[in-house]
Structure formats: C-alpha cells, structure tokens
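# Predicted model and sequence below, questions to follow.
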Amino acid sequence: MSEIKTRFAPSPTGFMHIGNLRTALYSYLVSKSQGGKFVLRIEDTDQVRHVEGAEDVILNTLKMTGIDYDEGPYIQSERLDIYKEYADKLIQSGHAYYCFCTPERLESLKDDKGIGGYDGHCRYLSKSQVEKNLADGIPYVIRQKMPNEGSTSYYDKVYGRVSIDNVELRDQILIKADGYPTYNFCHVVDDHLMGITHVVRGNEYLTSTPKYCLLYDAFGWERPTYVHLPLLMGKDADGNVSKLSKRHGAVSFQDLINDGYLPEAIVNYIALLGWCPKDTNQEFFTMDELKKSFSLEGLSKSPAVFDYEKLKWFNSEYIKKMPDEDYNKIILPILENLCPEYINIEKLAVLLHGRIAVFSEVKEKIEFILSRLDMDSSLYINKKNKTTLELCSQILNESLPLLENLENWDNDSLFALLKEYSASSGIKAGAVMWAVRIAVARQSITPGGATELMEVFGKNESIERIKLAVSEFNA
RNA sequence: GGCCCGUUGGUCAAGCGGUUAAGACACCGGCCUCUCACGCCGGUAACACCAGUUCGAUUCUGGUACGGGUCACCA
C-alpha cells in the first residue's frame, strides 16, 4: 500500500474558524496516524473575498497547535496556468464547454427562494457559434458537462456509500470569467497533481463530491479516498442548534486564545468532538498520543455541539498541569498589569494556580483585591464555624494588635500567630480564620485562606482592612 | 421545495443481536479543609416514533417525525 497523503486547504478569510481547525487536525491525523505526509494549500481563487495578511493567520494557527506540514504552502493563485491547461483538455475531450450566458440570464433561472441552477443553454451551441463568440471577445466561463442520466456514487470512509442521481448535478463552472478557477475544479486538479490519497473535509461537500468524482473520471485519474467529517454545531440561548457561528460565542482559534485558552487544551478538546479513541476511555491527549490513537473507525457521523463548559474544564486541567515556569510567564504579566504595587503577585500567582479555568477570568477573581468591596456584614455569620457578629468583632479586636506586632509577614508566621491566638482564647481556629478572611477580603469566596490572603496583601493593606472592619463593627 | 446525511442523558460519547446501556463535562448531595478550589465518595438523567426480520432488538430493514447539509462566476 502506498503512503497516505492528506492536505488542509483553507481559503484565506482572515480568521481560523474552530470547525476549520478541527478539519485540519483530523486531516493531519488521518495521515500522521499512518506515517503519511501532510500538505498545506491556500485556496485563494476568490479575488473578491481576498483578505490581506490572512495567510499569516493560517500559518500561525498551525504553528501554535503543532500541526506541521511536510509540503507547501502551495498557493492556488500562482497556479492559474495549470488549471487553464487542464480545463482546455476537458474541452477537447468533450467533458466541458464554453458558456457565454450573462449573469442576468443566470439570475433569471432562479426561483423566488434563490434556488435554481444552470439549464445547460450553451452546452448545445454549435462549434462555429462558439468560435464566433470567442472571436468577438464575449466573456465566457467553462462548464463541466454532466451526464443526463444514471447516477454517480462513491464510498465515503465515514458515511459509506453515497449515491446521487446525475440529473441533480448541474453543469458547474470550472473556470470563471476572470480566468480564475473555481474550488470545484482546481481542488481536484491540485489533489491529483499533489498526490493526495485521502480527501478529508467537512460534510458540506458530501453531496457535491460526485461532481468531483466525475472530473477524476473525465481525466482518467484515480479517485481519492473520501473522508467527510460531521459538522460542528453551536447551541443558542433558546436551545436551538445550528452550524457553529458567531452568535454562539467565540468561534475562531484566535478568539479562544484571546479569551485565555491554551492551544493544547483547544486541540485536545476539538479532537474529541467527532472522534473517539477505540478500546480506551482516555481523555487527555498530546499531539503525539493523538497520532498514535487516531483511527478512521473512531470518527462519528453525527454533528457535535461545541460545549464551552467542557473546553473550560479541559483548559483548567491544562493550567493545573502547567509547570510553574510556563504558568508564571502568562499569569505574572497579567497580575502586574492589574495589581497595585504592594500586592505580592508571586504569592497571588501561586494561589490562583489551580483555581482558574481561563486566564481571562483572573480579573474578576481578584476584583476584591484591587478594590475594597462594600462590606456585607452577614458574611461574618457562618454556620459551620459557628461564627456570629459578636464573635467576629471580638476576634478582630483581639487579633489586630497581635498582627500589628508581627514582624515576619509571611503565611507561616501569620498562620502560627492566629493558631496561637485560637489556642489562648479558646476560639476555634476555623472561626478565627473565617473572621479574619472576611474582614480582609470582604467577600465570601476567595482564592485562598485568611493567612494566604494577608500575605498577598502585605502587612500595611491587611492591617488597614482589618482596622476598617473593626471600625465598621463599632459604628 | 428537490436531493443527500444524521438521530443513545442538557452536552461529548462507548456500544457494533442477548449488557444492571460505559466514561467525561455540567448539575445535585456527602466527606475533607483556615474559605474557595482541588481531591475522594455517591446521586439525578438517554437508546425519537411506528412497523418488520429474529427466540430476542439500542444494535438489522422500511416508513414517519425531527435536525442538519446542499442546490453560486464562495470555498
């Protein structure tokens, strides 16, 4: 069996849709799981929609996700001569023809829903008429001649046998009036010329693939193996499911990165959206592990809804597993930017490690540090630690001078001090910690305990906050 | 609308004729703890529907319903 070769062929739209990235991943894995080659090809034949710098987005994304290509990037706009040459061959062999129909006429063929294909008008032009039109410089396109009867079928690796009646097939355009080829044509030529053995792409091509098969047949080329992937869906607030789009939230790789997700977590999550390993329940995969485990049999036929909650969970797990060095590289600049100088951001970073799921939520998590929140005195009352307002007031009043006299303002010393106070006063440690933590944080849920927070705040701010709390009790 | 594809808990999903129908996220309890989180333990929750084949269907076949895709000088 010859070596497998797959490709990823995005059009440069300026952003990498997450569904597109998943297609790239699967295409990559189909090949790499078998030790094959992977090709990158930029499909930029739409002059109208061309976006400057869009290619960099593609290259960057692939680099960040670890999807590396062995060949390319091939640029289709640089291969125009090739497509023209092959289109001419098709005309000569009678598989394609010139069409001089105007856009207006084409438009008139559509019904009120905008549905309606070409009627094959120019297919029946006489040879002399065609030559005259050509000589007159009338704009033309080149169309593929579809069979009038019978059906065309192929075997898809995921969906099995797919069969379409040929009457459903329109005489699709191969070369546009501007001389550029359509996707329908150039991807077939390129896939063949580049030796692509497995075409891996989204399921939206499932029903148009017979047209491409016919093209292979017309050229006398061997058809590739097709692997169509189920679509990625999104769910809106009303519970309606549809193709994943902006209304569902962040949908591009870059959006996700900006929201604080890690490339590894994104890759891991989307790998599992439509694919499942055989004989194992493994959920965490490195790219190398994916290459080993991946198999076509594990691909799903049904669409998958993108679940931000689960992505978040994956991300939190990846953050937890991050070595401090890597973690600090990301978190420290964020904290530096947000926090006043007296905050011990190194300690804060440690507290946050393991308590954040996405880096973008750091700000809200430490809001209580950045400013002194309004105090809700009911927070002092906690049933588990049996705290009351009176008790908390007592604890704060008695521990304040002790804290003021403490020299080494670190977690261990603080903890020892409060523990000692607990022992001498007979008040449960939990109650002491609760009172101090509420006084210092002024909110019930915090990333860390009382003494850890005081270490982060530093002595001055901690004392100030406790004094404030005490004065509030007296008021 | 024609054609094509799909349908296991809220979500991702295993299953490939006989199972107490896995596992994960989310959710809800409990334990642990100087809070939260982590961790651990436990719980709620699913084979769209109707026929047929079969001793036996989640699994095979057909139909219905629902969902999606596609019918461009976009890819």
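Now that the structure is in, tell me what you want to look at.
# measure A:L193 to A:S93 for me?
Computed as C-beta to C-beta, to the nearest Å, the A:L193 to A:S93 distance reads 18 Å. Where C-beta positions appear, they are placed from N, C-alpha and C, glycine not excepted.
# same question, A:S2
Taken as C-beta to C-beta, the span from A:S2 to A:S93 is 27 Å.
# Next up, the contacts around the closest residue in space to A:S393 that isn't next to it in sequence.
Nearest non-adjacent residue to A:S393, counting by C-beta to C-beta, 6 or more residues apart in numbering: A:F473, 4.3 Å away. Counting by C-beta atoms under 8 Å, 6 or more residues apart in numbering, A:F473 touches A:389, A:392-393, A:396-397.
# still on that earlier bit, who's more crowded, A:S2 and A:S93?
A:S93 (12 against 7; other C-beta atoms under 10 Å).
# which stretch of helix or strand covers the nearest residue to the more buried one once chain neighbours are set aside?
Spatially, and ignoring its direct neighbours in sequence, A:S93 is nearest to A:A218 (6.7 Å; C-beta to C-beta, 6+ apart). Taking DSSP states H and E as the definition, A:A218 sits inside helix A:209-219.
# isn't A:T13 right up against A:D46?
No - A:T13 is beyond contact range of A:D46, at 9.4 Å (criterion: C-beta atoms under 8 Å).
# Can you name the residue of the stretch 1-150 of chain A nearest RNA strand B?
A:E43 (3.0 Å; C-beta to the nearest atom of the strand).
# what does the stretch 251-400 of chain A put close to RNA strand B?
When proximity is defined as C-beta under 7 Å from any atom of the strand, the stretch 251-400 of chain A approaches RNA strand B at A:272-276, A:278, A:281, A:283, A:297-298, A:300-305, A:307, A:309-310, A:313, A:320, A:354-355, A:384-385.
# give me that answer again for 6 Å
For the stretch 251-400 of chain A, the residues in contact with RNA strand B (C-beta under 6 Å from any atom of the strand) are A:272-274, A:276, A:278, A:281, A:283, A:300-305, A:307, A:309-310, A:313, A:354-355.
# can you map out the helices along the stretch 301-450 of chain A?
Using DSSP state H, counting those that start in this stretch, the helices found in the stretch 301-450 of chain A span residues A:308-321, A:324-338, A:345-352, A:362-365, A:367-370, A:389-404, A:411-425, A:429-441, A:450-457.
# Now render the ones you listed as CSV, adding mean neighbour count and mean pLDDT.
Below are the helices of the stretch 301-450 of chain A laid out as CSV (neighbours: other C-beta atoms under 10 Å; pLDDT from 0 to 100):
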stretch, mean neighbour count, mean pLDDT
helix A:308-321, 17, 96
helix A:324-338, 14, 94
helix A:345-352, 20, 95
helix A:362-365, 15, 92
helix A:367-370, 16, 94
helix A:389-404, 17, 95
helix A:411-425, 15, 93
helix A:429-441, 23, 94
helix A:450-457, 24, 95
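# Pipe these into CSV and attach distance to A:G35 per row.
Below are the helices of the stretch 301-450 of chain A laid out as CSV (distance: least, C-beta to C-beta, whole Å):
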stretch, distance to A:G35
helix A:308-321, 28
helix A:324-338, 30
helix A:345-352, 42
helix A:362-365, 42
helix A:367-370, 51
helix A:389-404, 64
helix A:411-425, 52
helix A:429-441, 55
helix A:450-457, 50
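# quick one: which of the ones you listed is nearest A:D376?
helix A:429-441 (9.2 Å; C-beta to C-beta).
# I'd like to know which elements the closest one is packed against.
With contacts taken as 3 or more C-beta pairs under 8 Å, 6 or more residues apart in numbering; DSSP states H and E, helix A:429-441 sits against helix A:389-404, helix A:411-425, helix A:450-457, helix A:459-474.
# what's in contact with the second one?
The reference is to helix A:411-425. A:347, A:395, A:398-399, A:402-403, A:406-407, A:427-429, A:431-433, A:436, A:450-452, A:454-455.
# Okay, angle between it and helix A:429-441 too, please.
Here helix A:411-425 runs at an angle of 130 degrees relative to helix A:429-441 (axes from the mean of the first three to the mean of the last three C-alpha atoms, to 10 degrees).
# Residue numbers of the stretch 1-150 of chain A in contact with RNA strand B?
So the stretch 1-150 of chain A meets RNA strand B at A:11, A:43, A:45-46, A:49, A:103, A:106, A:115-117, A:141 (C-beta under 6 Å from any atom of the strand).
# returning to that earlier point: list just the nearest of the contacts of A:F473 to RNA strand B.
Distances from RNA strand B to the contacts of A:F473, taken as C-beta to the nearest atom of the strand, are shortest for A:C392 (13.2 Å).
# Do a quick rundown of the helices in the stretch 151-300 of chain A.
A:183-193, A:209-219, A:253-258, A:263-271, A:287-293.
# Make TSV out of those and add mean pLDDT.
Shown next, in TSV, are the helices of the stretch 151-300 of chain A (pLDDT from 0 to 100):
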stretch	mean pLDDT
helix A:183-193	98
helix A:209-219	98
helix A:253-258	96
helix A:263-271	97
helix A:287-293	97
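# what's the burial count for A:R49?
Neighbours of A:R49 using other C-beta under 10 Å come to 12.
# what does the one 10 residues further on give?
Neighbouring residues of A:L59 were enumerated by other C-beta under 10 Å; the total is 14.
# For it, give me its contacts.
A:P73.
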